[in-house]
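Engineer: need a structure here:
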Amino acid sequence: MKAARWHSAKDIRVEDIDEPAPGPGQVKIKVAWTGICGSDLHEYLAGPIFVPVQAEHPLSHGKAPITMGHEYCGTVTELGEGVDGLAIGDRVAIEPIFACDACPPCRDGKYNLCEHLGFVGLSGGHGGFATYSVVPARMVHKMPDSLSIEQGALVEPAAVALHAVRISRFKAGDRAAVFGAGPIGLLVVEALRIAGASEIHVVEPSEQRRRKALDLGATAAFDPGAGDPVQAIRERTTTGVEVAFEVTGVPAVLPQAINATRYEGQTLVVSIWESEASFQPNTVVLRERDIKGTIAYRNVYPAVMSLMERGYFSAEKLVTKRIRLDDIVRDGFDALVAEKSQIKILVEAPA
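Structural biologist: Below is the predicted model:
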């Protein structure tokens with residue numbers, strides 16, 4: 001079967017590999033659609049970040065080259081021994097987290113903070129940029145009949161956004177700022193609407209993405225190249241926002257997000273970073289501000305799909321391009337680098 005595999009930075013190849021078979025407790029899926037994530041783009045441009053290279057990942061037991069793709073959905077084609085609650089033909093979305101179930105965070109139910117955390121399609125395993133995938137049954141979530149199969153490829157990134165808002169200090173009626181209106185930033189805008197934001201201020205250099213943020217419910221959208229976004233947010237809010245979400249991974253943006261918050265405000269860092277970022281600690285100390293990080297999600301897929309049934313996180317609004325697996329580098333990764341108008345690119349699995 002065909003699969004897009006990461007060999008090194010700037011070296012992703014579509015290759016023929018053996019079709020995987022499910023073992024006990026595993027499920028085989030005919031992949032339908034897979035989204036290209038910002039994390040995938042980080043691996044393409046500057047990896048390895050999550051990809052294991054020198055040694056196998058302790059949970060996936062894989063190392064480079066690995067089949068990429070973790071935002072994906074498809075149809076169940078085969079069940080391994082001992083799998084129940086699923087049937088051949090079920091349409092499913094994949095929750096791609098590898099967790100050990102034994103470390104303190106896992107025992108506390110916070111499996112996204114596992115000491116050996118990994119992701120299918122980043123840390124090994126049978127990723128979604130392929131014809132077929134095999135995953136543990138616990139990663140498989142049956143989709144409601146009312147949702148299109150395309151929506152299944154947006155469950156994973158929407159889960160990131162919803163979890164970020166859930167674990168922040170944001171409360172209904174608060175004001176928020178979102179720095180970065182890529183796919184996750186735009187999904188955060190929607191999650192904030194769901195949570196009852198009174199104002200949502202977006203900072204984003206791409207005109208197309210600013211327009212999309214406004215379409216999705218942002219109160220205002222600022223171009224950081226046209227003026228100081230922190231000043232613009234403070235002029236609108238007087239004191240600053242209660243919570244700022246940093247969704248760019250750009251070092252210069254972190255202090256902007258912090259400074260856009262009010263006294264005792266919170267900055268939630270959602271990005272995965274390729275390099276270090278710095279800020280003046282006194283901007284936190286003298287205003288008793290809070291900085292918190294978030295990774296992935298936990299126990300949120302059913303809520304995401306329920307919200308999708310109500311019209312949130314719509315593929316029709318967020319998907320800007322659909323491509324074939326054979327064209328994933330030129331029309332996918334390279335397009336995301338060159339065309340800031342792109343939001344979410346979906347890759348169709350080979351037949």
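
Engineer: does residue 272 touch residue 250 like I think?
Structural biologist: No. Applying C-beta atoms under 8 Å, one finds residue 272 not in contact with residue 250, separated by 12.0 Å. All C-beta spots, glycine's among them, are computed from the backbone N, C-alpha and C.

Engineer: quick one, phi psi at residue 256?
Structural biologist: Torsion angles at residue 256 (phi, psi; degrees, to the nearest 10) stand at phi -60, psi -40.

Engineer: my bad, should have said residue 39
Structural biologist: Torsion angles, degrees, to the nearest 10, at residue 39: phi -70, psi -40.

Engineer: against residue 56, how distant is it?
Structural biologist: The gap separating residue 39 from residue 56 is 20 Å, by C-beta to C-beta, to the nearest Å.

Engineer: if you count what's nearby, which of these two comes out ahead?
Structural biologist: The residue with more neighbours, out of residue 39 and residue 56, is residue 39; 24 against 12, by other C-beta atoms under 10 Å.

Engineer: number of residues surrounding the closest residue to the more buried one other than its chain neighbours?
Structural biologist: Distances taken as C-beta to C-beta, 6 or more residues apart in numbering place residue 272 nearest to residue 39, at 5.4 Å, with adjacent residues excluded. By other C-beta under 10 Å, 17 other residues sit near residue 272.

Engineer: the helices in this protein, which residues?
Structural biologist: In the chain, the helices defined using DSSP state H lie at 38-46, 104-107, 155-167, 183-195, 207-215, 229-237, 253-259, 282-285, 301-309, 315-318, 334-338.

Engineer: could you redo those as JSON lines and give each row mean pLDDT and distance to residue 177?
Structural biologist: Formatted as JSON lines, the helices of the chain follow (pLDDT from 0 to 100; distance: least, C-beta to C-beta, whole Å):
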{"stretch": "helix 38-46", "mean pLDDT": "94", "distance to residue 177": "19"}
{"stretch": "helix 104-107", "mean pLDDT": "98", "distance to residue 177": "29"}
{"stretch": "helix 155-167", "mean pLDDT": "98", "distance to residue 177": "13"}
{"stretch": "helix 183-195", "mean pLDDT": "98", "distance to residue 177": "10"}
{"stretch": "helix 207-215", "mean pLDDT": "97", "distance to residue 177": "11"}
{"stretch": "helix 229-237", "mean pLDDT": "97", "distance to residue 177": "6"}
{"stretch": "helix 253-259", "mean pLDDT": "98", "distance to residue 177": "7"}
{"stretch": "helix 282-285", "mean pLDDT": "98", "distance to residue 177": "15"}
{"stretch": "helix 301-309", "mean pLDDT": "98", "distance to residue 177": "22"}
{"stretch": "helix 315-318", "mean pLDDT": "95", "distance to residue 177": "20"}
{"stretch": "helix 334-338", "mean pLDDT": "94", "distance to residue 177": "24"}
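
Engineer: do you know the pLDDT at the residue nearest to residue 39?
Structural biologist: Residue 272 is assigned 92 on the pLDDT scale.

Engineer: residue contacts, it?
Structural biologist: Shown in contact with residue 272 (C-beta atoms under 8 Å, 6 or more residues apart in numbering): 38, 39, 42, 49, 249.

Engineer: which of these are buried?
Structural biologist: Among those, those scoring as buried are 38, 39, 42, 249 (criterion: 16 or more other C-beta atoms under 10 Å).

Engineer: now the two most distant members of these.
Structural biologist: Using C-beta to C-beta, the buried ones among the contacts of residue 272 reach their maximum pairwise distance at 39 and 249, which is 9.9 Å.

Engineer: before we move on, back to that, in TSV: the helices of the chain, plus distance to residue 129.
Structural biologist: Shown next, in TSV, are the helices of the chain (distance: least, C-beta to C-beta, whole Å):
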stretch	distance to residue 129
helix 38-46	9
helix 104-107	28
helix 155-167	14
helix 183-195	17
helix 207-215	24
helix 229-237	35
helix 253-259	29
helix 282-285	40
helix 301-309	21
helix 315-318	18
helix 334-338	14
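
Engineer: which among those helices is found nearest to residue 175?
Structural biologist: Smallest distance to residue 175 across these (C-beta to C-beta): 5.6 Å, for helix 229-237.

Engineer: list the buried residues of the closest one.
Structural biologist: Using 16+ other C-beta under 10 Å as the test for burial, helix 229-237 gives 229, 230, 232, 233, 234, 236, 237.

Engineer: so which of these is the closest to residue 244?
Structural biologist: Closest to residue 244, out of all of these and judged by C-beta to C-beta, is residue 233, at 8.5 Å.

Engineer: quick one: that closest one from residue 28, how far?
Structural biologist: In terms of C-beta to C-beta, residue 233 sits 49 Å off from residue 28.
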